[in-house]
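Need coordinates for the following:
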Amino acid sequence: MRGRRDYRVFDERFGYLFNSYYNAKGDRHPRPERGVLSRPSLDDVHAYRAHVDAAVIEAIDALDPDLVALGLAHEEQHQELMLMDIKHLFSLNIIAPAYQPRSRRGASEAPAPIGWAEFAGGLIEIGREGGGFAFDNEGPRHKQYLAPFALADRLVTAREYREFMEDGGYARPEFWLSDGWDIVQNEGWQAPLYWREREGDWRLFTLQGERPLDPHEPVLHVSYYEADAYARWAKARLPTEAEWEHAAILVQAAPSHSRAELHVRTAAESPSQALLKQMFGEAWQWTQSAYAPYPGYCPPAGAIGEYNGKFMVNQMVLRGSSFATPPGHARLTYRNFFSPAARWMFSGIRMAKDA
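Predicted coordinates:
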């Protein structure tokens, strides 16, 4: 919008106030201190929104359509991020407020024991190539060699994760990466985020408030370190993102749509594929792949190049989607990424093995 000579900036201070991380756009409020900012008044926010909306509508035909698509996709990402933020903030409130009314669901059905779908591997291709909008980090499409592997046919449940805990999982350093073990010790982790022990049993804080832990639903809100430690304890490992994507293509896993009930479902409740369940629409799934550029990747010029490219270090890739993911973002090539210690997103565990 600033490229238009007749555009009038609503408030010169907002560029500093709302610049999240774009160095190419100049100075910004220190990121660690953003949580203590006093926001503009509600009237100012509404006026700012109306001002920007009017300018965009007037200029829409002259704007770069790819840039408009990126802006819309970025806004959709924040829909899930806002639910993650709301859940975290509500969890810190002693009265445990609910974001939405609790659903009236009966006792859940236990899923079948984990089975393993085997894949031959070989020279395969992954990554986005044409076919509508995609983020720049999803391509270019490229070849990779995979050794034969097997993928668990469903996500790890809360009951299965609790068995890891009861076997001393958080107290046995042999299962943990060094950085993860340090965090477990320093932060005092003993269970996934939002698990609360009451009188010898576990309860779970959800977007529908606090309730007893359902042992049959997928475990949520685990870090990469916890997912990796669990997989080691279970004599397995996490999949690579190439294994995950290749398997999803072969079994024709269909992306699912977000739904009204903002909570994960059991494998028995989820729409099933022939070989692999819960690939989409329940929980993001950690992979053992570091978030790095694909071969031949080149970030766009200017500030847009900072959108994905500058985060390609010290992060791990998650695949699939969660129950809160906007439909267009639940796709085979989508690369979600977080630091390995992060737990506030809707993250779960799918295991892999060498065949």
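
What are the boundaries of the helices in the stretch 151-300 of the chain?
Using DSSP state H, counting those that start in this stretch, the helices of the stretch 151-300 of the chain run over 158-166, 178-187, 224-233, 241-250.

and among the ones you listed, the most buried is which?
Of the helices of the stretch 151-300 of the chain, the one with the most neighbours on average (mean count of other Cβ atoms under 10 Å) is helix 224-233, at a mean of 24. (Each C-beta comes from the backbone N, C-alpha and C, glycine too.)

Need the helices of the stretch 151-300 of the chain in a markdown table (columns: distance to residue 135 and mean pLDDT).
Output for the helices of the stretch 151-300 of the chain, formatted as a markdown table (distance: least, Cβ to Cβ, whole Å; pLDDT from 0 to 100):
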| stretch | distance to residue 135 | mean pLDDT |
| --- | --- | --- |
| helix 158-166 | 31 | 98 |
| helix 178-187 | 27 | 98 |
| helix 224-233 | 21 | 98 |
| helix 241-250 | 14 | 97 |
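
between those, which one is nearest to residue 193?
Each of the helices of the stretch 151-300 of the chain has some distance to residue 193 by Cβ to Cβ; the shortest is helix 224-233, at 9.3 Å.

pull the CA atoms of that closest one into CSV?
Presented in CSV, the C-alpha positions along helix 224-233 are these (Å, rounded to 0.1, in the frame of the first residue of the first chain):
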residue,chain,number,x,y,z
TYR,A,224,9.8,-32.5,19.6
TYR,A,225,12.0,-33.6,22.5
GLU,A,226,9.1,-35.4,24.1
ALA,A,227,7.9,-37.0,20.9
ASP,A,228,11.4,-38.2,20.1
ALA,A,229,11.9,-39.6,23.6
TYR,A,230,8.6,-41.5,23.5
ALA,A,231,9.5,-43.0,20.1
ARG,A,232,12.9,-44.1,21.5
TRP,A,233,11.2,-45.7,24.5
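
Distance from that helix to the middle of the chain?
Between the centre of helix 224-233 and the centre of its chain there are 17 Å (Cα atoms, centre = their mean, to the nearest Å).

How about stretch 276-287?
With Cα atoms, centre = their mean as the basis, stretch 276-287 stands 10 Å off its chain's centre.

before we move on, what about stretch 114-124?
A distance of 24 Å separates the centroid of the chain from that of stretch 114-124, by Cα atoms, centre = their mean.

go on, stretch 247-256?
Chain-centre distance of stretch 247-256: 18 Å, with Cα atoms, centre = their mean.

Contacts for it next, please.
Contact partners of stretch 247-256, identified using Cβ atoms under 8 Å, 6 or more residues apart in numbering, comprise 117, 119, 151, 239, 271, 273-276, 279-281, 319, 321, 327, 330-332.

re earlier: CSV for the helices of the stretch 151-300 of the chain, including distance to residue 85?
Output for the helices of the stretch 151-300 of the chain, formatted as CSV (distance: least, Cβ to Cβ, whole Å):
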stretch, distance to residue 85
helix 158-166, 23
helix 178-187, 20
helix 224-233, 20
helix 241-250, 26
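
Of those helices, which is nearest residue 210?
With Cβ to Cβ, the closest approach to residue 210 among these belongs to helix 158-166: 14.6 Å.

now for the closest one, which elements pack on it?
If contacts are counted by 3 or more Cβ pairs under 8 Å, 6 or more residues apart in numbering; DSSP states H and E, helix 158-166 sits against helix 224-233.

now the angle from the helix it packs on to helix 178-187?
Put simply, helix 224-233 runs at 110 degrees to helix 178-187, going by axes from the mean of the first three to the mean of the last three Cα atoms, to 10 degrees.

Weed out the non-buried ones from the contacts of stretch 247-256.
The neighbour-count test (16 or more other Cβ atoms under 10 Å) marks 117, 119, 151, 239, 273, 275-276, 279-281, 319, 321, 330-332 as buried among the contacts of stretch 247-256.

for the residues you listed, which one is nearest residue 303?
Nearest to residue 303 out of those is residue 331 (Cβ to Cβ; 25.0 Å).

the helices in the stretch 1-150 of the chain, which residues?
Using DSSP H, counting those that start in this stretch, helices in the stretch 1-150 of the chain cover 14-18, 42-59, 65-91.

Would you mind giving those as JSON lines with mean neighbour count and mean pLDDT added?
Formatted as JSON lines, these follow (neighbours: other Cβ atoms under 10 Å; pLDDT from 0 to 100):
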{"stretch": "helix 14-18", "mean neighbour count": "14", "mean pLDDT": "79"}
{"stretch": "helix 42-59", "mean neighbour count": "12", "mean pLDDT": "91"}
{"stretch": "helix 65-91", "mean neighbour count": "14", "mean pLDDT": "93"}
